[in-house]
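K.L.:
Kindly return the folded structure for what I paste below:
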Amino acid sequence: MITLIALIITIVGALNWLLIGICGFNLVSWLTMGSEIAQRIVYILVGIAGAWLIYFIIRRKGRVDESFPKQDGREVRE
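P.N.:
Predicted coordinates:
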């Protein structure tokens, strides 16, 4: 579950950078209504999520299969 949350947060961060690069629009700034503290928290969460995904990939030796994500070796069923 943590890996899925990290993936979602990282995707939001990547989309934010895409918007900044294409049209100069900062989605995080807009969502946090310009609050500098809230922006810092979001950026810290994105960084932690990215670090977790790096750890996840290294731990799995680069293997991500159709049963992604797994918890404690068990498949997560919806």
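
K.L.:
hang on, Y43 is in a helix, isn't it?
P.N.:
Yes: counting by DSSP: H, G, I helix; E, B strand; the rest coil, Y43 is found in a helix.

K.L.:
Hmm, V28 and it touching each other?
P.N.:
Yes: if you go by C-beta atoms under 8 Å, Y43 and V28 touch, sitting 7.0 Å apart. (C-beta placed from N, C-alpha, C; glycine too.)

K.L.:
Give me the more crowded residue out of those two.
P.N.:
The neighbour count for Y43 versus V28, taken as other C-beta atoms under 10 Å, is higher for V28 (19 against 13).

K.L.:
residues contacting L53?
P.N.:
The contact partners of L53, by C-beta atoms under 8 Å, 6 or more residues apart in numbering, come to T3, A6, L7, T10.

K.L.:
Revised request: answer the last question for V42.
P.N.:
V42 sits in contact with V28, L31, T32, where contact means C-beta under 8 Å, 6+ apart.

K.L.:
any idea how far the residue sitting nearest the centre point of the chain lies from E36?
P.N.:
Per C-alpha atoms, centre = their mean, the C-alpha nearest to the average position across the chain is that of T10, at 2.0 Å. For T10, the distance to E36 equals 22 Å [C-beta to C-beta, to the nearest Å].
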